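Participant: sequence plus predicted model, see below.
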Number of protein chains: 2
Amino acid sequence: MKAYIVGVGMTKFEKPETRDWQYWDMVREAGTAALEDAGVRYEQVEQVPVGYCFQPSTAGQRAVYELGLTGVPVCNVNNNCATGSTALMLARQFVAGGGSDCVLAVGFEKMARGSLGGGGSDGGEDFAASPVARHYGIMAAAHGFAMSPPTAQIFGNAAREHMERYGTTPAQLAAVGAKNHRHSVHNPYAQFQDPYTVAEVLAARTVHDPLTKLQCSPTSDGAAAAVVVSERFVERHGLGERAVEIAAQAMATDTGASFASGTCVDAVGTPMSRAAARQVYAASGLGPGDLDVIELHDCFSVNELLTYEALGLCGEGESGKLVESGATTYGGRWVVNPSGGLISKGHPLGATGIAQAAELTWQLRGEAGPRQVPGARTGLAHNIGLGGAAVVTLLRRR
Amino acid sequence: MKAYIVGVGMTKFEKPETRDWQYWDMVREAGTAALEDAGVRYEQVEQVPVGYCFQPSTAGQRAVYELGLTGVPVCNVNNNCATGSTALMLARQFVAGGGSDCVLAVGFEKMARGSLGGGGSDGGEDFAASPVARHYGIMAAAHGFAMSPPTAQIFGNAAREHMERYGTTPAQLAAVGAKNHRHSVHNPYAQFQDPYTVAEVLAARTVHDPLTKLQCSPTSDGAAAAVVVSERFVERHGLGERAVEIAAQAMATDTGASFASGTCVDAVGTPMSRAAARQVYAASGLGPGDLDVIELHDCFSVNELLTYEALGLCGEGESGKLVESGATTYGGRWVVNPSGGLISKGHPLGATGIAQAAELTWQLRGEAGPRQVPGARTGLAHNIGLGGAAVVTLLRRR
């Protein structure tokens, strides 16, 4: 059966400790916004999958209790940086299977050291101790980036590999940062809203050569929520005008190839992205040429380039030229990351995948204001977590 | 659509550090056993929900990669002590909705301090910092019990309340411990296999009056797995003889009543258990009188008594007399916790809910050996986590 997003909401993504709030405050804000956007009351919600990485078990319950104590099933999920889309995927499956007519998917993260309500763990430590970090031989950890510096090393090395193999230039990598920072100027939910030139992006502090600070996603607090409902629910409540169809969705995890090839491009999960995209195109009968707007996982500028190739927007090795050509911004073939992406909107791990769906929902409804992609009818979200999982979601106007 | 369990497996539950193993070793052992029991190859598995509480995000991937790198979706879930049944519930929903024909549900926990691969957190610390602990004003934590002593205080106080209100006696509470330890003598997967008399249970060290050590679940390492498939899959692969139907399943979470009443019996989640049981009885058309064998969440003896009442095995306040009458052991009306329950089998948080389903599957197939409940055709599993969620699952022979 078909599943539709009929309401979305999010908090502004912010540098940790900008606001004096707890994770349940974020969820109340985002969840209430999503319910109001859908015109749905919390009492109508039948299940609530909640995604987060850095709070103890059943934090999801504490968070959704803020919306109302209705006794509905709550499932706490995590999948590193793909956590939000994993929660969304559960919501879609609950609805598509006919078991539920109205599900609220929630994702949040409160990432600052010391301000965590929970188990004394935080992003950096957790990542450094995680299986994927051990796999890559990375045990050091520090702070200041949503994806802690060990991750910057992995992605930085993937960037060098791409440069050596295909002649990709530092300016092409920087063009991703410049584009996404420029897009976010019009996004009130974005952590940063300042434009930068390619020269400024290149001149920013180097995190791991060739990646500079303006090409890396920051540490962020925030939450996002989406109301996912059945066709029956759409009809019964007259929500046709608000409804965006989840036309196809797939999650891929690592296969032997991820570990066997020895390339950094494979190690950062590109084969997972490619596999998930392939499944979604096959299931929907659509291809890259049918897409208007894309929100993809630019945790680092290089990952936007790698994802262009994984999604089939261009051939292998051609992504540097693609971004430079203007094909992925306003006026080009697609608009990629109109929200500003992870680089400029921010990246609270559990919220990111649902925030991507929120941006696409606004775009496909024509509600994105000054950052509207003209005539957008079909959108694609791409969310990836090392360790790992890649989730690709195809959305289309009903 | 109907969903069936066609294969189950588990490790022996053990005191942490008894064996030199990592969590992925446990999952390989339990997962392989479940697949072999079903006669299913890992390549046939379409999704893998994985339940655990005390490892970092995507530990589920690391664990299932040990079974084979097939790239299938992995969803890491947690719900405190109801984590295992939450993973099982996802598997059932994936299959019942028609989206997947063959799903492997996995649950594990590695609970020893210092031996955790992950985020530097452990059971006691996490629980003490959790929302539910804060709700109860409990911030101290110590070790030696799966449910850390703060939890023993909550359940101990619920026991006192039951004694004051209904005249329940310490001997009736101890009878639960004696029964479950006696049952486990025949369970090779149980952490303890020693019988104790009621007098011995009463004489054991007091953890929180009136609960003694032999009425409390221990700290445990272990994993469990279950293969959940569609009717179509059962027919196609000739698994009818191995198939146990998941006839109904429900999760309830706290409502306002949990927090408003001020009673300890409500605070430990009894209203959630009652709500989930009611939903399962309504969905299946069956009642307590139709059940033969029950695996329920005896984290402490008092919770077995409270759950008798929540499941409708007896009226309110009558559970002490019920256990004393022998109605819940071999030769009685039901056999409750033939595996030894959490008290004697052990309680690795993420594994418990799936291990309950494993025991019931063996019982309903008539494969439980010396602990077989004669002629068992219908079974019920009850798994609860503070914070919180209660999952009730009704299983029946096909």
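Facilitator: Yep, it's here.
Participant: would you mind putting the CA coordinates of stretch A:310-326 into CSV?
Facilitator: Output of stretch A:310-326 as CSV, limited to C-alpha atoms (Å, rounded to 0.1, in the frame of the first residue of the first chain):
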residue,chain,number,x,y,z
ALA,A,310,26.3,6.8,-6.7
LEU,A,311,22.9,8.3,-7.6
GLY,A,312,23.8,8.3,-11.3
LEU,A,313,23.7,12.1,-11.8
CYS,A,314,26.9,11.7,-13.7
GLY,A,315,29.5,9.0,-14.6
GLU,A,316,32.3,7.8,-12.3
GLY,A,317,34.9,10.6,-11.8
GLU,A,318,32.8,13.3,-13.4
SER,A,319,31.3,14.8,-10.2
GLY,A,320,33.8,17.5,-9.8
LYS,A,321,33.0,18.9,-13.2
LEU,A,322,29.3,18.5,-12.5
VAL,A,323,29.2,20.8,-9.5
GLU,A,324,31.5,23.3,-11.2
SER,A,325,29.1,23.4,-14.2
GLY,A,326,26.2,24.7,-12.0
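Participant: what's in contact with it?
Facilitator: A:162, A:165-169, A:171-173, A:175-176, A:179, A:270, A:273-274, A:277, A:281, A:287-288, A:294, A:296, A:304-306, A:308-309, A:327-328, A:332-334, A:336, A:380, A:382, A:392 (CB atoms under 8 Å, 6 or more residues apart in numbering or on different chains). In short, each C-beta sits where N, CA and C put it, glycine included.
Participant: swap in 6 Å and give it another go.
Facilitator: Stretch A:310-326 is contacted from outside by A:166, A:168, A:172, A:175-176, A:270, A:273-274, A:277, A:288, A:305, A:308-309, A:332, using CB atoms under 6 Å, 6 or more residues apart in numbering or on different chains.
Participant: closest one of those residues to chain B?
Facilitator: residue A:274 (10.7 Å; CB to the nearest CB).
Participant: for that closest one, give its distance to residue A:337.
Facilitator: 19 Å (CB to CB, to the nearest Å).
Participant: the more surrounded of those two?
Facilitator: residue A:337 (26 against 19; other CB atoms under 10 Å in any protein chain shown).
Participant: in the stretch 51-200 of chain A, where is pLDDT below threshold?
Facilitator: A:112-148 (pLDDT under 70).
Participant: which stretches in it count as helices?
Facilitator: A:59-65, A:83-96, A:123-129, A:131-135, A:149-166, A:170-184, A:198-203 (DSSP state H, counting those that start in this stretch).
Participant: out of those, deepest packed?
Facilitator: helix A:83-96 (a mean of 29; mean count of other CB atoms under 10 Å in any protein chain shown).
Participant: distance from it to the middle of the chain?
Facilitator: 14 Å (CA atoms, centre = their mean, to the nearest Å).
Participant: for stretch A:388-398, same thing?
Facilitator: 10 Å.
Participant: could you do stretch A:346-363 as well?
Facilitator: 5 Å.
Participant: in that stretch, what counts as buried?
Facilitator: A:346-363 (16 or more other CB atoms under 10 Å in any protein chain shown).
Participant: just those residues that are near chain B?
Facilitator: Among the buried residues of stretch A:346-363, no residue is within reach of chain B (CB under 6 Å from any CB of the partner chain).
Participant: look up the closest residue to the residue of the stretch 1-150 of chain A found nearest chain B, ignoring the ones flanking it.
Facilitator: Proximity of the stretch 1-150 of chain A to chain B (CB to the nearest CB) peaks at residue A:97, 1.5 Å away. Distances taken as CB to CB, 6 or more residues apart in numbering or on different chains place residue B:97 nearest to residue A:97, at 1.5 Å, with adjacent residues excluded.
Participant: what is the burial count for that neighbour?
Facilitator: Counted with other CB under 10 Å, residue B:97 comes out at 20.
Participant: then the one 10 residues further on?
Facilitator: If you count neighbours by other CB under 10 Å, residue B:107 ends up with 36.
Participant: any idea how far it lies from residue B:54?
Facilitator: Taken as CB to CB, the span from residue B:107 to residue B:54 is 12 Å.
Participant: doesn't residue A:42 make contact with residue A:68?
Facilitator: Yes. Using CB atoms under 6 Å, residue A:68 is in contact with residue A:42, at 4.2 Å.
Participant: so what's in contact with those two at the same time?
Facilitator: Counting by CB under 6 Å, 6+ apart, nothing touches both residue A:68 and residue A:42.
Participant: restricted to helices, list the buried residues of stretch A:346-363.
Facilitator: Judged by DSSP state H, these include A:349-363 as members of helices.
Participant: nearest to chain B among those residues?
Facilitator: residue A:349 (8.2 Å).
Participant: residue contacts, the closest one?
Facilitator: A:53, A:81, A:83, A:109.
Participant: for residue A:280, same thing?
Facilitator: The contact partners of residue A:280, by CB under 6 Å, 6+ apart, come to A:248, A:250, A:392, A:394.
Participant: from those residues, which two are the most distant?
Facilitator: Within the contacts of residue A:280, A:250 and A:394 form the most distant pair, 9.1 Å apart (CB to CB).
Participant: more neighbours, these two?
Facilitator: The residue with more neighbours, out of residue A:250 and residue A:394, is residue A:394; 23 against 20, by other CB under 10 Å.
Participant: and residue A:261, how many neighbours?
Facilitator: For residue A:261, using other CB under 10 Å, the count is 12.
Participant: check residue A:275 too.
Facilitator: When neighbours are counted by other CB under 10 Å, residue A:275 comes out with 22.
Participant: skip the chain neighbours and tell me the closest residue to it.
Facilitator: Using CB to CB, 6+ apart, the closest residue to residue A:275 is residue A:252 (3.8 Å).
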